[in-house]
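Chemist: Here's my sequence, what's the structure:
(one chain, ligands or ions: 2)
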Amino acid sequence: MDDGALLRKAAARVKVILMGVALAVAAVSTATATPLIVNTDTSWLATNAQPAATWEFNPSFDTTGWINAVDLGILGCPGGASCIWYDGQYSSTQFVWLRKTFTISDPVSAASLIGGVDDDADVYLNGTLVLSDHNGFAQNFGPLDVAALLVQGVNLIAVNASDNFPVYGQNHAFAASLQIQTPNPVPEPASLLLLGSGLAGLAFLRLRSGQAWRRKRQS
Ligand SMILES: [Ca+2]
Ligand SMILES: [Ca+2]
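Modeler: Ligands and ions are numbered 1, 2, ... in the order given. Here you go, the predicted model:
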């Protein structure tokens, strides 16, 4: 092989390498962050008895005696969350206290809370009151910007909700959906595929160039 042919081959090789790198870079830059979502569901703990102090801000609060909240099976609750209560939609319990701890492993770049309550609620995030609704009727709330209240590590959302039975009928429900954005992008499956094919292209090229160099040395 003359020098010109070698040079052309080397140029072609560089071109393919650059294409592989471009593919990989494109894959990373088009990745979007997937939000961490904390929705009301049956993993939330509930009690119908006034808890002791610190229940609303201590993540390690002793929840002995609390039970898993009941999913009321109501369709269309805010944010696709489950509407929950202590013991069902037609409860004899006017008040419910609800808690959910959750872990955030990355710094928080944005966070938004939406929800709904039949009828009123106080909602705390890590001990800070973010909703104080005592107007006596059912409605949705939010979006509330709660990014500044969240921490990397264990967090607590705590709720004291009440119904106005028998004034507005015996309906009880609480729903919340907390969407948390972190700056670390999580590649989407399609981007992962692109990244994978880019890397595979590089690996193939390395293999081929290795063979070419071996052939050159042998010749
Ligand atoms: Ca209300
Ligand atoms: Ca009601």
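Chemist: what does this protein put close to ligand 1?
Modeler: 119, 120, 133, 135 (CB under 5 Å from the ion). (Each C-beta comes from the backbone N, C-alpha and C, glycine too.)
Chemist: in terms of contact, does the last one touch residue 117 like I think?
Modeler: This means residue 135. No: Residue 135 lies out of contact with residue 117 (CB atoms under 8 Å); the separation is 10.4 Å.
Chemist: most neighbours, which of the residues of the chain next to ligand 1?
Modeler: With neighbours defined as other CB atoms under 10 Å, the most crowded of those is residue 119; it has 24 neighbours.
Chemist: thinking that one is in contact with residue 169, fair?
Modeler: No: using CB under 8 Å, residue 119 is not in contact with residue 169, being 9.7 Å away.
Chemist: related to what we said a few turns ago, can you lay out the residues of the chain next to ligand 1 as a markdown table showing pLDDT and secondary structure?
Modeler: Formatted as a markdown table, the residues of the chain next to ligand 1 follow (pLDDT from 0 to 100; DSSP: H, G, I helix; E, B strand; the rest coil):
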| residue | pLDDT | secondary structure |
| --- | --- | --- |
| 119 | 95 | coil |
| 120 | 96 | strand |
| 133 | 97 | strand |
| 135 | 93 | coil |
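Chemist: Residue 105: neighbouring residues, count only.
Modeler: Residue 105 has 9 neighbouring residues, counting by other CB under 10 Å.
Chemist: Can you give me the pLDDT of the closest residue to it other than its chain neighbours?
Modeler: Excluding its sequence neighbours, the residue lying closest to residue 105 (CB to CB, 6 or more residues apart in numbering) is residue 152, at 7.0 Å. In this model, residue 152 is scored at 97, pLDDT.
Chemist: I'd assumed residue 13 was in a helix, is it?
Modeler: Yes: assessed with DSSP: H, G, I helix; E, B strand; the rest coil, residue 13 lies in a helix.
Chemist: Neighbours of it, how many?
Modeler: 15.
Chemist: and residue 115, what does it touch?
Modeler: Counting by CB atoms under 8 Å, 6 or more residues apart in numbering, residue 115 touches 40, 78-79, 81, 123, 131, 140-142, 174-177.
Chemist: what comes up buried for stretch 54-71?
Modeler: Across stretch 54-71, burial judged by 16 or more other CB atoms under 10 Å covers 55, 56, 58, 59, 61, 66, 69, 70, 71.
Chemist: Spell out which parts of the chain neighbour ligand 2.
Modeler: Counting by CB under 5 Å from the ion, the residues of the chain close to ligand 2 are 118, 119, 163, 168, 171.
Chemist: shaky segments in the protein?
Modeler: Scanning the chain for pLDDT under 70 picks out the ranges 1-7, 10-11, 14-32, 168, 184-219.
Chemist: ok so, going back, now list the buried members of the residues of the chain next to ligand 2.
Modeler: Among those, the ones that count as buried (16+ other CB under 10 Å) are 118, 119, 163, 171.
Chemist: In this structure the last one contacts residue 91, no?
Modeler: No: with contact defined as CB under 8 Å, residue 171 and residue 91 do not form a contacting pair (9.2 Å).
Chemist: Need the residues touching each of those two.
Modeler: In contact with both residue 171 and residue 91: residue 163, using CB under 8 Å, 6+ apart.
Chemist: And the residue of this structure that's closest to ligand 2?
Modeler: Relative to ligand 2, the nearest point of the chain is residue 171 (4.0 Å; CB to the ion).
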